[in-house]
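S.K.: model this:
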Amino acid sequence: MSKGKNTAEPTSLDNFLERLEKRMTDYTEHPEDAEGLRESRGGNPITLGPRVVSPTDWAEDQVKAAKDKATKWLERSRKPKKVPSIAALEAKAKYRNRLEEALAGGHWEAAMGRVDEDLRLRIIEAVGSSGFSQGVERHKEKVTAKVKLLHPLVAALAVELDGMPVATDSDREARMLAARRGMIAIGKKMKGL
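M.R.: Predicted coordinates for the structure are as follows:
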């Protein structure tokens, strides 16, 4: 790993991304040598702390800050600066481009490879069944509204399937395929396609 300060001009963007990529790789592979992570750095006249705080302190600070702003989050959620659904629609091209870049560049697969299943399970255990059921209960109105839209579509499919013959294996296979195709059609209709 190359130690020491960056030799490029501080304001220069020449080869910046290449330098950054190398430094990120070095720091990831050799965190003990990363100057920005050292517990203490020389200073004059005092000893300086690390350039970047420890992951533990960083995470604790973020969690505390989020908890401290819970009331403000609620107030701002009630009075957003933009209508969220309209803002999402306006950002459609950006969303599509970013998703296509992630898929084409293998970034999505790489991110899925970094998923920590043990951490996921610890979070699930921390939330517990009561946290899950409370979340479901909080979304009951949304679920009810969605089911009201879905209900006549499923009824239409059921009537269509009931009208199909079931006497032979071929009949039953055709009915199963029709059920699958019907559910796909319902999904598209629910999505407005």
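S.K.: Every contact and neighbour count from this point should use C-alpha atoms.
M.R.: Noted.
S.K.: got the buried residues for the worst-scoring helix or strand of the chain on mean pLDDT?
M.R.: Ranking every helix and strand in the chain by mean pLDDT, DSSP states H and E puts helix 16-29 at the bottom, with a mean of 80. By neighbour count with 16 or more other C-alpha atoms under 10 Å, helix 16-29 contains the buried residues 23, 26-27.
S.K.: Could you export the residues you listed as JSON lines, including distance to Lys140?
M.R.: Listed next are these as JSON lines, based on distance: C-alpha to C-alpha, whole Å:
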{"residue": "Arg23", "distance to Lys140": "49"}
{"residue": "Asp26", "distance to Lys140": "49"}
{"residue": "Tyr27", "distance to Lys140": "47"}
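S.K.: so which of these comes closest to Val127?
M.R.: Set against Val127, the nearest of the buried residues of helix 16-29 by C-alpha to C-alpha is Tyr27 (33.9 Å).
S.K.: how near is the closest one to His107?
M.R.: As defined by C-alpha to C-alpha, to the nearest Å, Tyr27 lies at a distance of 20 Å from His107.
S.K.: What does the residue lying farthest from the centre of the chain show for phi and psi?
M.R.: Relative to the mean C-alpha coordinate of the chain, counting by C-alpha atoms, centre = their mean, the farthest residue is Ala167 (47.6 Å). Here is the backbone geometry of Ala167 (degrees, to the nearest 10): phi -70, psi -40.
S.K.: about what we covered before: which is the succeeding secondary structure element to the least confident helix or strand of the chain?
M.R.: helix 55-68 (DSSP states H and E).
S.K.: May I have that next one exported as CSV, CA atoms only?
M.R.: Below are the C-alpha coordinates for helix 55-68, written out as CSV (Å, rounded to 0.1, in the frame of the first residue of the first chain):
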residue,chain,number,x,y,z
PRO,A,55,-17.8,2.6,12.8
THR,A,56,-19.3,2.1,16.2
ASP,A,57,-19.3,5.8,17.1
TRP,A,58,-20.5,6.7,13.6
ALA,A,59,-23.5,4.3,13.8
GLU,A,60,-24.4,5.3,17.3
ASP,A,61,-24.4,8.9,16.3
GLN,A,62,-26.6,8.2,13.3
VAL,A,63,-29.1,6.2,15.4
LYS,A,64,-29.2,8.8,18.1
ALA,A,65,-29.7,11.7,15.6
ALA,A,66,-32.5,9.8,13.9
LYS,A,67,-34.2,9.1,17.2
ASP,A,68,-33.8,12.7,18.3
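S.K.: All set now, cheers.
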